[in-house]
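Undergrad: dropping a prediction and its sequence here:
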Amino acid sequence: MAEQDYRVTLNGIDWRASLPFLRLLGAFRMAIQPGRLLLSLMLVLLLYLGGVAMDFVWGESVYPNEVQAYIHNDAQEFDAWLSTMVQQEGADEATRALIKKGKIFSTLVDQQVGAFERLVVSATALDFGISDLASGKGTDSGGVIGALGSMIIRTPGWLYAAHWGFLVVYLLYAFALTSLIGGAICRVAAMDACRREHISAFEGLRFGLDNWVQVMIAPLIPLGIVVVIRLALALSGWVFFNLPGADVLGAVVFGLMLLAGFIAAMLLIGFAFGVSLLIPGIAVEATDAFDVVSRAYNYVVGRFWRYLFYTGVMIVYGAVTYMLIGLVVFSTIWITKTCLSAGALAEVVDGTTRLDAMLPDPQWGKLLPDADWENLGRLGTVAGALVMVWLKLLIAVLPAFAVSYYFNAQVWIYLLLRRSADLVEFDEVYVEPDPDDQAVVLDKVEPAKATEATEATES
């Protein structure tokens, strides 16, 4: 019997069903929605204005090369360096005039922007810095890991070592603000991702305000447990390891102390990886803080390699799309300036037009140029300042997009991990009950209850 040929016709592949991680690519479309961009821009502006206000209160407090001194020295050497700078500043008036101190928040912004730019460049080049990390360089690694280490470890470490009061106040302000507006962005993103329903930014803010307390409590739960363990271990050290003889008993129960240290280590590691899932978890489930912490730890620990893979995709794709948005912003400024220059020919000095003094040609990597304030005059300075305000608002779209993309991508990562761990479909999301629907149901139910009561009375 001759063999029969069986032909299979492939009409199409549902790539999103076959490769669920491709849903992460939808984060770009979601991030550029006007409502989410507006919320993100509001968050960026409020964080910036709050930092500027704190700079005004703290004044000029940063010594020249202070951040570099912290990075390249250990804690004791950095403290000695600070003491030397304080002595030099108090030596005499001439020495004090030579020390040009800066402002804390301005220095912080410069450090974080520089690290973020390195992150974008490294991610687009697929340079994660894993080899540097494996060789023992730690946070000094290059690539994505080094940039992230600078953003979340070295720069905050410098603030804690030299300006801890500023760090505490600004962290509390930023934490409360991000919990509220971040919750709103994640709620809008969750309804879009799960139901293709576009709720307004106001509805997202209302949800964020209703769940504000739970969002702020969630990250404090694991940190609070770690603090309790630390205090317990410190007390154990004082009780058992200060007197001869007591240390023998301490050695007997040392295994319990190691167990406590292990629990604290696992909580901190899980917190470092899972903290980004807390706000999306509450936005999707509308659950309490304890439940979302349990979910985040379960997803990160149980699906760790998936989590790392999704995070890598998020970073690389986010870097590429960020550069695309940067190109749009740069092109907008360049085209506007070029077209205006064709008609604005009045010169303030030889070869420099009035428009050139207000708005020099933009450069890639330096979208906000330095105006020539000296040659503008009084009215020109006012006009130049207004031009700079509009430019800063346009350039603020870049960090606003980064914030919006981050929260939208984290919602998708949460949904992907939930589906893998709990087998919950993507379209399942908490939906607030409609009061009108409840009223209709009550209208239908109450007459039935009245009829049953009447029949029971007659019988």
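TA: It's in. The model shown is predicted, which means the values in this text are computed figures rather than measured ones.
Undergrad: need the contact list for the closest residue to residue 26 other than its chain neighbours.
TA: Spatial nearest neighbour of residue 26, excluding adjacent residues (Cβ to Cβ, 6 or more residues apart in numbering): residue 412 at 7.0 Å. C-beta coordinates here come from the backbone N, C-alpha and C atoms, glycine included. When contacts are counted by Cβ atoms under 8 Å, 6 or more residues apart in numbering, residue 412 touches 23-24, 26-27, 193, 310.
Undergrad: ok, now with 10 Å
TA: 20-21, 23-27, 30, 189-190, 193, 280, 310, 313-314, 426 (Cβ atoms under 10 Å, 6 or more residues apart in numbering).
Undergrad: what does residue 432 give?
TA: So residue 432 contacts 203, 206-207, 210, 286 (Cβ under 10 Å, 6+ apart).
Undergrad: for it, give its distance to residue 105.
TA: Distance of residue 432 to residue 105, computed by Cβ to Cβ, to the nearest Å: 38 Å.
Undergrad: hmm, back to that, out of the contacts of residue 432, who's nearest residue 233?
TA: Using Cβ to Cβ, residue 286 comes nearest to residue 233 of the contacts of residue 432, at 36.6 Å.
Undergrad: ok, the closest one - how many residues close by?
TA: 18 (other Cβ atoms under 10 Å).
Undergrad: so it is in contact with residue 207, correct?
TA: Yes. With contact defined as Cβ atoms under 10 Å, residue 286 reaches residue 207; the gap is 7.8 Å.
Undergrad: now the common contact residues for these two.
TA: Counting by Cβ under 10 Å, 6+ apart, the residues touching both residue 286 and residue 207 are 187, 190, 430, 432.
Undergrad: widest-spaced pair of the residues you listed?
TA: Pairwise across the shared contacts of residue 286 and residue 207, and taking Cβ to Cβ, the largest span is found between 190 and 432, at 12.2 Å.
Undergrad: need the overlap of contacts for the two.
TA: With Cβ under 10 Å, 6+ apart, residue 190 and residue 432 have common neighbours 207, 286.
Undergrad: what comes up buried for the longest helix seen in the chain?
TA: Using DSSP state H to define each element, the chain has its longest helix at helix 304-341. By neighbour count with 16 or more other Cβ atoms under 10 Å, helix 304-341 contains the buried residues 306-307, 310-311, 313-319, 321-322, 325-326, 329-330, 333, 337.
Undergrad: hmm, which of the shared contacts of residue 286 and residue 207 are the buried ones?
TA: Buried by 16+ other Cβ under 10 Å: 187, 190, out of the shared contacts of residue 286 and residue 207.
Undergrad: now tabulate the shared contacts of residue 286 and residue 207 in a markdown table and tack on secondary structure, distance to residue 225 and pLDDT.
TA: Converted to a markdown table, those look like this (DSSP: H, G, I helix; E, B strand; the rest coil; distance: Cβ to Cβ, whole Å; pLDDT from 0 to 100):
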| residue | secondary structure | distance to residue 225 | pLDDT |
| --- | --- | --- | --- |
| 187 | helix | 27 | 95 |
| 190 | helix | 28 | 94 |
| 430 | coil | 27 | 88 |
| 432 | coil | 32 | 78 |
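Undergrad: run a quick neighbour tally on the nearest residue to residue 214 once chain neighbours are set aside.
TA: Nearest residue to residue 214, sequence neighbours excluded (Cβ to Cβ, 6+ apart): residue 289, at 4.7 Å. Around residue 289 there are 20 other residues, counting by other Cβ under 10 Å.
Undergrad: tell me who's in contact with residue 289.
TA: 211, 213-221, 278, 281-282.
Undergrad: how about 8 Å then?
TA: Residue 289 is in contact with 214-215, 217-218, 221, 282, counting by Cβ under 8 Å, 6+ apart.
Undergrad: about what we covered before: buried only: go through the contacts of residue 432 for me.
TA: Of the contacts of residue 432, these count as buried by 16+ other Cβ under 10 Å: 203, 207, 286.
Undergrad: ok, so of the residues you listed, who is nearest residue 47?
TA: residue 207 (20.8 Å).
Undergrad: name the nearest residue to that closest one, sequence neighbours excluded.
TA: Counting by Cβ to Cβ, 6+ apart, residue 187 is the residue found nearest to residue 207 once chain neighbours are left out, at 4.3 Å.
Undergrad: quick one: the one you found from residue 18, how far?
TA: Distance from residue 187 to residue 18, counting by Cβ to Cβ: 29 Å.
Undergrad: now swap in residue 299 and tell me
TA: Noted for residue 299: a distance of 22 Å to residue 18, by Cβ to Cβ.
Undergrad: neighbour count winner among these two?
TA: Neighbour comparison, residue 299 and residue 18: the larger count goes to residue 299, with 24 against 8 (by other Cβ under 10 Å).
Undergrad: now that one, what's its secondary structure?
TA: What DSSP: H, G, I helix; E, B strand; the rest coil gives for residue 299 is helix.
Undergrad: quick one: contacts for it?
TA: By Cβ under 8 Å, 6+ apart, the contact list for residue 299 reads 274, 277, 307, 414, 417-418, 421.
Undergrad: go again with 10 Å.
TA: 273-274, 277, 281, 306-307, 413-414, 416-418, 420-422.
Undergrad: repeat that for residue 265.
TA: 226, 229.
Undergrad: angle of the host helix or strand of it against helix 304-341?
TA: Per DSSP states H and E: residue 265 is located in helix 254-274. Counting by axes from the mean of the first three to the mean of the last three Cα atoms, to 10 degrees, helix 254-274 lies at 40 degrees to helix 304-341.
Undergrad: correct me, but the residue nearest to residue 207 touches residue 212?
TA: No. Counting by Cβ under 10 Å, residue 187 stays clear of residue 212, with 11.7 Å between them.
Undergrad: overlap of the contact sets of those two?
TA: Shared contacts of residue 187 and residue 212 (Cβ under 10 Å, 6+ apart): residue 282.
Undergrad: so residue 263 makes contact with residue 230?
TA: No. In terms of Cβ under 10 Å, residue 263 does not count as a neighbour of residue 230; the distance is 11.2 Å.
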